[in-house]
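K.L.:
Model the structure of this input:
(one chain, ligands or ions: 1)
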Amino acid sequence: TVLIIDFGSQVTQLIARRVREAGVYCEIVPFQSAEEGFHRLRPKAIILSGSPASTLEIGSPRAPQIVFDCGLPVLGICYGQQTMCEQLGGKVEAGHHREFGRAFLEIDKECTLFEDVWPVGSRHQVWMSHGDRVTAIPEGFEVVATSSNAPFAFIANEKRRFYAVQFHPEVVHTPDGAKLLSNFVHKVAGLKGDWTMAAYRDQAVEAIRAQVGDKRVICGLSGGVDSSVAALLIHEAIGDQLTCILVDHGLMRKNEAADVVAMFKEHYDIKLVHVDAADLFINALEGESDPEKKRKTIGKLFIDVFEEEARKLGGAEFLAQGTLYPDVIESVSFTGGPSVTIKSHHNVGGLPARMNMKLVEPLRELFKDEVRVLGKELGLPESFIGRHPFPGPGLAIRCPGGITRDKLEILREADAVYLDEIRKAGLYDAIWQAFAVLLPVQTVGVMGDGRTYEFVCALRAVTSVDGMTADFYHYDMEFLGRAATRIINEVRGINRVVYDVTSKPPGTIEWE
Ligand code: XMP
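P.N.:
Numbers count the residues shown, from 1 in each chain. A predicted model of the protein is given here:
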């Protein structure tokens, strides 16, 4: 096991992911409970993450001393480097300029982390994101690589197997970063790379059994990959103690609820209850335009429905959800543990505090593409594995401005036409996620001989690997023209279509 101590960086999970890709099991532990995590996990190597904090601030987090006294290899990344230097007798100062983005590293000396990756004298792109920097290194360390703004970009104490880098090897913008992390776990820590998704499945099943015991679990099933994989995993662990609940909140895509129920009944022997709660949700949301209020309202009502269904079953101790890591990282605030809140994803931050059921979230550490691999491992049909993600709050967050039944209906139709065109053009699998958004803006048009004054529909399509970053999909104009014409012709209420060419960042994938 590799222990990753999290100081709150937005990309800590990417470190975990790279370690998993190297075939090594790891766990992330928040810095507050790092010492306890150390004793529990008995790791063979330790990685210190980045952080939005500064080691120069009073009370900023530190690694427990045992990290440096236990004789294990340690890799400090960004803030991890700074706190490591600070704790071992080096010095950190506020940088003259903040360094953000691409930088180039000159390799000055040999280092086990570079072995077979970077020869001495070569130059490589890395990704920097920091304000402070190290200005004096602790005794026993030497500089092995530098960048023009960071004379201590890469330092090492090979004797003690301590390594510390100013840049982020875990992000894709450091093209060789994964190889450096692989060298750290394999060559430095001597760990074998024999951990796989099959092992994850076994561990997850064991963990679910240990958490749940003989209690009853209900699982919110949306028909998306995440909740489907979560349901299969939990079913494998506890069989009939699981009941799946599909809540049709009136915010699903066209025909979606019926299709999902049909497919689950056809392929699986899992208990499934289909609840039509459209009126409950739409009545509560009618007129609401604030994105966070929409998310919170939906989160609360989901729980109300789940609790009601649980009561009908004679009680359930646990609620299972297919929460993924990106949902967690973008919802958690600095007080609960690490990073800044971007939006309250309904299956995480949107949940009310008063909830009576405990959560089972077996996918909480995984990224979407890893969940797809796990889905394959569990035998989920290809048509489900390849489905585009669909957010829990559904069409509500694709209808900016006040929600009305009419608008939802218009949006549902437009979305169905758009996805139909994508499938017909054979583009569905090349796109990571595509959907329509109904803008709260009316524009003037002319159809036949008449004037129209109707809504604008925005089309969105992105490519992505894990939903954390995304690029807009580069359609050819013919396709866009075709989709727009069909939407305007077939959907009453829309007379103009635009295409969203924003990537993430700075946009998010959804509009709210
Ligand atoms: P954003 O909009 O944050 O979305 O770039 C990243 C991915 O997450 C999906 N998403 C959600 N999924 N509950 C979910 O289950 C939510 O509340 C939620 N909000 C966004 C989004 O569709 C995209 O795939």
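K.L.:
so where's the chain uncertain?
P.N.:
96, 329-354 (pLDDT under 70).
K.L.:
And it, what are its domain boundaries?
P.N.:
Structural domains annotated on the chain: 2-188, 197-385, 404-499, as defined by automatic domain parsing.
K.L.:
Which stretches in the stretch 251-400 of the chain count as helices?
P.N.:
256-267, 278-285, 291-312, 325-329, 368-377, 382-385 (DSSP state H, counting those that start in this stretch).
K.L.:
mind putting the domains of the chain in TSV, mean neighbour count and distance to Glu512 included?
P.N.:
Yep, even glycine has a C-beta here, placed from its N, CA and C like the rest. Below are those laid out as TSV (neighbours: other C-beta atoms under 10 Å; distance: least, C-beta to C-beta, whole Å):
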stretch	mean neighbour count	distance to Glu512
domain 2-188	19	20
domain 197-385	19	4
domain 404-499	17	9
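K.L.:
Which one of the ones you listed lies nearest to Ile397?
P.N.:
domain 197-385 (6.2 Å; C-beta to C-beta).
K.L.:
picking up where we left off before, quick one: closest of the helices of the stretch 251-400 of the chain to Arg423.
P.N.:
Short answer: helix 382-385, nearest of the helices of the stretch 251-400 of the chain by C-beta to C-beta, at 11.5 Å.
K.L.:
contacting residues around the closest one?
P.N.:
223, 225, 228, 263, 372, 375-376 (C-beta atoms under 8 Å, 6 or more residues apart in numbering).
K.L.:
from those residues, which is closest to the ligand?
P.N.:
Of all these, Val225 has the smallest distance to the ligand: 10.5 Å, by C-beta to the nearest ligand atom.
K.L.:
quick one: contacts for that closest one?
P.N.:
Residues near Val225 by C-beta under 8 Å, 6+ apart: 322, 368, 371-372, 375, 380, 384-385, 387, 389.
K.L.:
and if we set it to 6 Å?
P.N.:
371, 375, 387 (C-beta atoms under 6 Å, 6 or more residues apart in numbering).
K.L.:
What residue, apart from its backbone neighbours, is nearest the residue nearest the centre of the chain spatially?
P.N.:
The residue lying closest to the centre of the chain (C-alpha atoms, centre = their mean) is Pro326, at 1.5 Å. Distances taken as C-beta to C-beta, 6 or more residues apart in numbering put Gly467 closest to Pro326, at 4.8 Å, once the chain neighbours are dropped.
K.L.:
close enough to count as contact, the one you found and Asp369?
P.N.:
No - the criterion here is C-beta atoms under 6 Å, and Gly467 misses it with Asp369 at 9.0 Å.
K.L.:
Which neighbours do the two have in common?
P.N.:
With C-beta under 6 Å, 6+ apart as the test, Gly467 and Asp369 reach no residue in common.
K.L.:
Kindly report the residues of the stretch 401-512 of the chain close to the ligand.
P.N.:
433, 467, 504, 508-510 (C-beta under 6 Å from any ligand atom).
K.L.:
Determine which two of these are furthest apart.
P.N.:
Greatest spatial distance in these: Gln433 and Thr508, 11.5 Å, computed using C-beta to C-beta.
K.L.:
Quick check: neighbours shared by these two?
P.N.:
Overlap of the contact sets of Gln433 and Thr508 (by C-beta under 6 Å, 6+ apart) is empty.
K.L.:
what does stretch 47-55 contact?
P.N.:
Here stretch 47-55 has contacts from 4-9, 12, 15, 60, 63, 75-80, 82-83, 86, 92, 132, using C-beta under 6 Å, 6+ apart.
K.L.:
Tell me how far Ala207 lies from Glu365.
P.N.:
Going from Ala207 to Glu365 by C-beta to C-beta, to the nearest Å gives 11 Å.
K.L.:
now swap in Asp500 and tell me
P.N.:
Going from Asp500 to Glu365 by C-beta to C-beta gives 31 Å.
K.L.:
same thing with Asp176?
P.N.:
Noted for Asp176: a distance of 25 Å to Glu365, by C-beta to C-beta.
K.L.:
follow-up on the earlier one: show me which of the residues of the stretch 401-512 of the chain next to the ligand is closest to Val143.
P.N.:
Nearest to Val143 out of these is Lys504 (C-beta to C-beta; 35.6 Å).
K.L.:
what sits against the closest one?
P.N.:
469-470.
K.L.:
can you pull up the bridge partners for it?
P.N.:
Beta-bridge partners of Lys504, counted by DSSP bridges, are Ala470.
K.L.:
For Phe31, give me phi and psi.
P.N.:
phi -60, psi -30 (degrees, to the nearest 10).
K.L.:
for Arg387, same thing?
P.N.:
The phi and psi values for Arg387, taken as degrees, to the nearest 10, are phi -60, psi 140.
K.L.:
and if you look at Gly220?
P.N.:
Per degrees, to the nearest 10, the backbone of Gly220 is at phi -70, psi 120.
K.L.:
of all of the stretch 101-250 of the chain, which residue lies closest to the ligand?
P.N.:
Closest point on the stretch 101-250 of the chain to the ligand, by C-beta to the nearest ligand atom, is Asp226, at 6.7 Å.
K.L.:
Relative to Ile28, which of the helices of the stretch 251-400 of the chain is closest?
P.N.:
With C-beta to C-beta as the measure, helix 325-329 is the member of the helices of the stretch 251-400 of the chain nearest Ile28 (9.5 Å).
K.L.:
Thank you, goodbye.
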